[in-house]
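[1] My questions are about this predicted structure, shown below with the sequence.
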Amino acid sequence: LSVWSAVPAGPPDPILGVTEAWKADKDPRKINLGVGAYRDENGKPYVLNAVKKAEELLVQQNPDKEYLPITGLPEFTQAAAKLAYGEDSTPLKESSVAVSQSISGTGALRIGGAFIARFYPHSKTIYLPMPSWGNHTPVFRDSGLEVKNYRYFEKKTVGLDFEGLKEDLRNMPEKSIVLLHACAHNPTGVDPTPEQWKEISDIVKEKSLFAFFDMAYQGFASGSTSRDAFAVRHFVSEGHQIALAQSFAKNMGLYGERVGLFSLITANPDERARVESQLKIVIRPMYSNPPLHGARIAATILRNQDLYGLWESEVKHMAGRIIDMRHRLHDNLVNLKTPGNWEHITRQIGMFSFTGLTTPQTKALAEKAHIYMTADGRISMAGLNASNIDYFSESVSKAVK
Ligand SMILES: Cc1[nH+]cc(COP(=O)(O)O)c(CN[C@@H](CCC(=O)O)C(=O)O)c1O
């Protein structure tokens, strides 16, 4: 009897499994709107020019392949923290922000979950918005935290359930951990307004909740890296000791290079040093130290004024193309007299649109129209372009009628 004979077949990943199904489909009309990965107007993956130029600079420096420190490339961690918190962030200026490079955003969430499970001196329960990114639950559950939810999305208005969110925050036990999407909420594309963020910050303070921000789309949502960091910077300016997971997968197109940062606001440089020493002890048995190449690319872009300018213009372009697709799709669905209100398509922000399509409708679209999206009706807007948006709109219109 084989030692693994009892291993059951696991289900395909709700997000990454969609790409597998799309790959297996041979129909030329097929469209992949599953994974949140930017595609250009020709439906191709996009390597930013800023990244290509940074790589040219790097290769000229003939860099070695030595191990990085456990917490990563210092030039990267300092620059990435500055991007998130802003030039004039007080904790940053006081050297009180504990930082560690991570295996992209997922790795930052996992380091954070593990550190919090080991050292956060209060509740071990983390509350996720409902719905949230599918991988949040297993990341935090496997970190040893209990996972619960707070109301976030309202089906009726296809918008934010702000009253429900505030009530759930107020009813949470004191010092609970709350996961907040900093911008471009995944999967709904619905974000609180700046005014609503201020109210959320006040309640988090009232209840001494611990805010863990996931910022996977900085710059990618509105096209402005500072506007997308509003919530993070507001919370820090209000004195919250937040945790933050950053990803450079989408805004720098470094998906497979796995570039991210985990950071924590501490009280002072001594506390920061102690926290970083414990982050090293959490990370060392996980993967010992992080990959070189992507961090070097990101650091080169963030620290070179010309490359930074080029990068910001490219992020603006990507965000802009997605917003164009939102308007095209909305207008198409209206012109096709598709039943229902489609305002939410243009009101939502970031990579995704929560269409409101039901699971059976998404299934029918995959089987009959060869259009792939996640079962909850989320579509990655970047998968749409001038050559497939009409076919997509007609197929959705038919599926809803
Ligand atoms: C909110 C959020 N947080 C973290 C991540 C982690 O990304 P990374 O830096 O690559 O580890 C993602 C990617 N989610 C999109 C990409 C595919 C995936 O699920 O992973 C997605 O939802 O399609 C998120 O959407």
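    Cool, got the structure.
[2] Mind telling me which residue is nearest the centre of this structure?
    Nearest residue to the geometric centre of the chain (CA atoms, centre = their mean): Ala216, 2.8 Å.
[3] nearest spatial neighbour of that residue, skipping sequence neighbours?
    Ser247 (4.1 Å; CB to CB, 6 or more residues apart in numbering). From N, CA and C alone the C-beta is placed, and that goes for glycine too.
[4] Show me what the helix or strand Ser397 falls within is packed against.
    Using DSSP states H and E, Ser397 sits in helix 389-400. With contacts taken as 3 or more CB pairs under 8 Å, 6 or more residues apart in numbering; DSSP states H and E, helix 389-400 sits against helix 305-335, helix 359-369.
[5] And the contacts of the following helix or strand past the shortest one?
    Of the helices and strands lying after helix 359-369 in sequence (DSSP H and E), the nearest is strand 371-372. By CB atoms under 8 Å, 6 or more residues apart in numbering, the list of residues contacting strand 371-372 from outside reads 18-19, 21-22, 25, 30-34, 365-366, 392, 395.
[6] partner strands of strand 371-372, parallel or antiparallel?
    strand 31-32 (parallel) (DSSP bridges).
[7] buried residues in the helix holding Ser397?
    Using 16 or more other CB atoms under 10 Å as the test for burial, helix 389-400 gives Ile389, Phe392, Ser393, Ser395, Val396, Ser397, Ala399, Val400.
[8] tell me which parts of this protein are close to the ligand?
    Among all residues of the chain, those adjacent to the ligand (criterion: CB under 6 Å from any ligand atom) are 15, 35-36, 104-106, 133, 135, 181, 186, 214, 216, 247, 249, 260.
[9] Please tell me which one of those counts the most neighbours.
    Highest neighbour count within the residues of the chain next to the ligand, by other CB atoms under 10 Å: Gly260, with 30 neighbours.
[10] Looks to me like it is in a helix.
    No - using DSSP: H, G, I helix; E, B strand; the rest coil, the assignment for Gly260 is strand, not a helix.
[11] For it, give the beta-bridge partners.
    Ser102, Ser247.
[12] now do the one 4 residues further on
    Leu264 has the following beta-bridge partners by DSSP bridges: Ala98, Ala243.
[13] Next, give me the two most distant ones among the buried residues of helix 389-400.
    Ile389 and Val400 (16.2 Å; CB to CB).
[14] got any ranges where this structure has weak pLDDT?
    Within the chain, no range satisfies pLDDT under 70.
[15] where do the strands sit along it?
    For the chain, the strands defined by DSSP state E cover 31-32, 97-103, 125-130, 146-151, 153-154, 159-160, 177-181, 210-215, 243-247, 259-265, 352-354, 371-372, 378-380.
[16] what's the burial count for the residue lying closest to Glu167 once chain neighbours are set aside?
    Spatial nearest neighbour of Glu167, chain neighbours left out: Arg151 (7.5 Å); criterion: CB to CB, 6+ apart. The number of residues packed near Arg151 is 17, by other CB under 10 Å.
[17] For Arg151, give its distance to the ligand.
    Distance, Arg151 to the ligand, by CB to the nearest ligand atom, to the nearest Å: 18 Å.
[18] from what I can see that residue touches Lys166, true?
    No - with contact defined as CB atoms under 8 Å, Arg151 does not count as touching Lys166 (9.1 Å).
[19] Mind listing the shared neighbours of these two?
    Counting by CB under 8 Å, 6+ apart, nothing touches both Arg151 and Lys166.
[20] Specify the residue positioned farthest from the middle of this protein.
    In the chain, the residue that sits farthest from the middle, by CA atoms, centre = their mean, is Leu1; the gap is 43.6 Å.
[21] Spit out the contact partners of that one.
    Not one residue lies near Leu1 by CB under 8 Å, 6+ apart.
[22] One more: Ala369?
    So Ala369 contacts Arg29, Tyr391, Ser395, Lys398, Ala399 (CB under 8 Å, 6+ apart).
[23] mind listing what the last one touches?
    Listed by CB under 8 Å, 6+ apart, the contact partners of Ala399 are Leu357, Gln361, Ala364, Leu365, Ala369.
[24] before we move on, back to that, which of the buried residues of helix 389-400 sits closest to the ligand?
    Closest approach to the ligand among the buried residues of helix 389-400 (CB to the nearest ligand atom): Phe392, at 17.8 Å.
[25] Now for Trp133: which residues touch it?
    Applying CB under 8 Å, 6+ apart, we find Trp133 in contact with His181, Asn186, Pro187, Asp214, Ala216.
[26] I'd like those residues as JSON lines, with distance to Pro45 appended.
    Converted to JSON lines, those look like this (distance: CB to CB, whole Å):
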{"residue": "His181", "distance to Pro45": "24"}
{"residue": "Asn186", "distance to Pro45": "19"}
{"residue": "Pro187", "distance to Pro45": "21"}
{"residue": "Asp214", "distance to Pro45": "23"}
{"residue": "Ala216", "distance to Pro45": "18"}
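[27] which residue packs closest to Ala37, ignoring adjacent ones?
    In space, not counting the residues next to it along the chain, Ala37 is nearest to Tyr255; the distance is 5.9 Å by CB to CB, 6+ apart.
[28] What is the burial count for whatever residue of the stretch 301-401 of the chain ends up closest to the ligand?
    In the stretch 301-401 of the chain, the residue that lies nearest the ligand is Ser380 (6.4 Å; CB to the nearest ligand atom). Neighbour count of Ser380, defined by other CB under 10 Å: 25.
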